[in-house]
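1. could you work out the structure for the sequence below:
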Amino acid sequence: MLTESGHSADSLPLWQMEKVLKEELGEKWRDQLADFDPQPLAAASIGQVHSVVLHSGQCAAMKIQYPGVAQSIDSDIDNLMGILKLWNILPEGLFVDELVTVARKELAWETDYIREAKCQNMFRELLANDPGYLVPEVFPELSTKRVLTTELIQGLPLDQCVSLPQEIRNDIAARVLDLVMRELFEFRFMQTDPNWSNFFYNPDDNRICLLDFGASREYPKMFTDHYLKVIHGSIMEDRDRVLESSKAMGFLTGYESKTLLDAHYQASLILGEPFKQDAPFDFGHQDTTAKIQRLFPVILGHRLTPPPDESYSLHRKLSGAFFLCTRLQASFNCHTIYQRISQHHTLSD
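-> Below is the predicted model of the structure:
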């Protein structure tokens, strides 16, 4: 059985790691632990994870942020954008300045482990009564702005679930997509990073374990109301509803060309495809991504306004969930997920 480990990782020099821990947890940080493994379980772009044992005997995962990451975000983004603008390789319809503003904000969130701990606790509470998911416990006495210590989970990262039996893969994928819909329309609070390593499946208790809540964000009810109307309009092939709700959310201004409106409507129809039929949708034999990609040049070439801030992270999570379902070659009834959400979602006036 794998844990959050399973990944080889280049580690910080021991002296540098200890410097961070002393600054965050105090000079006697080791006294707060029964054991600390200096070899990291895993490493990512902003930090690395170590296995620790608490004095209670419980195993935990301690995430330690690399020194200087938070301070370097703005300068790194500025340098990258300077190069891209110099070469003039970004399409005008990308509205890169707005994209960069959103990226700065979301990357700053991910370097704030105090905020992440609060988000993780919120998800743990939201899913406390759902036996299909596990959100690890946070240990606040060992968590700061640059150190986050949580319960050590067990399971298989979802990219290692591709060889599991079809019915298990179907169930995993259905639960992931169902959770995305609940996050958006029920909780209005979403963990927006769809990285494979943020989801583990534990075959012993048949639970999906959720990790890494740094990119979590709230969604205004008005936004989610209109987004649900767009999905409903796409299912019913109601062009007016799709366009009116898209305008209310800020995707459209009302002055777009017919070419752009047609492309936007077609993209919405593609989004609604999995939810349309009351029958299993076969993600292993769909071409959703290819269809959307064919529309990108038209949308980018004719768009008059940047999409709303909320849509960047939302579409990242939705596309990641669809890709995950495709990678697992899953087939399940998405229409029932939509029906349950729409029946319990009270729309704003």
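2. surely residue 149 is in a strand?
-> Yes. Residue 149 forms part of a strand when assessed by DSSP: H, G, I helix; E, B strand; the rest coil.
3. that one pairs with what?
-> Applying DSSP bridges to residue 149 yields these beta-bridge partners: residue 62.
4. please look at it and residue 63 and confirm they touch.
-> Yes. The criterion here is Cβ atoms under 8 Å, and residue 149 meets it with residue 63 at 7.5 Å. Every C-beta, even on glycine, is put in place using the N, C-alpha and C of the backbone.
5. more neighbours, the two?
-> residue 149 (28 against 25; other Cβ atoms under 10 Å).
6. please tell me how far that one sits from residue 122.
-> 18 Å (Cβ to Cβ, to the nearest Å).
7. what of residue 47?
-> For residue 47, the distance to residue 122 equals 21 Å [Cβ to Cβ].
8. which ones are touching residue 186?
-> By Cβ atoms under 8 Å, 6 or more residues apart in numbering, residue 186 lies in contact with 341, 344, 345.
9. what about the residue nearest to residue 257 when sequence neighbours are not counted, how many residues nearby?
-> Of all residues not flanking residue 257 in the chain, residue 302 sits nearest, at 5.6 Å (Cβ to Cβ, 6 or more residues apart in numbering). Using other Cβ under 10 Å, residue 302 has 17 neighbouring residues.
10. pop out the phi and psi values for residue 302.
-> Torsion angles at residue 302 (phi, psi; degrees, to the nearest 10) stand at phi -120, psi 0.
11. list the contacts of it.
-> For residue 302, the contact set (Cβ under 8 Å, 6+ apart) comprises 93, 256, 257, 259, 260, 263.
12. give me that answer again for 6 Å
-> Contacts for residue 302 (Cβ atoms under 6 Å, 6 or more residues apart in numbering) come out as 257, 259, 260.
13. what's the helix or strand for the second one?
-> With secondary structure defined by DSSP states H and E, residue 259 is part of helix 258-276.
14. just the C-alphas of that helix, formatted as CSV.
-> Extracted C-alpha coordinates of helix 258-276, given in CSV (Å, rounded to 0.1, in the frame of the first residue of the first chain):
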residue,chain,number,x,y,z
LYS,A,258,-22.5,36.3,-34.3
THR,A,259,-19.3,34.4,-34.9
LEU,A,260,-18.3,34.6,-31.3
LEU,A,261,-21.8,34.0,-30.0
ASP,A,262,-22.0,30.8,-32.1
ALA,A,263,-18.7,29.6,-30.8
HIS,A,264,-19.6,30.3,-27.2
TYR,A,265,-22.9,28.5,-27.6
GLN,A,266,-21.2,25.5,-29.2
ALA,A,267,-18.7,25.4,-26.3
SER,A,268,-21.5,25.4,-23.8
LEU,A,269,-23.2,22.5,-25.7
ILE,A,270,-20.0,20.5,-25.4
LEU,A,271,-19.8,21.3,-21.7
GLY,A,272,-23.3,19.9,-21.2
GLU,A,273,-22.9,16.7,-23.3
PRO,A,274,-22.0,14.4,-20.4
PHE,A,275,-25.0,15.5,-18.4
LYS,A,276,-27.6,15.4,-21.3
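15. same for that helix, what does it pack against?
-> If contacts are counted by 3 or more Cβ pairs under 6 Å, 6 or more residues apart in numbering; DSSP states H and E, helix 258-276 sits against helix 221-236, helix 239-249, helix 288-302.
16. many thanks, have a good one.
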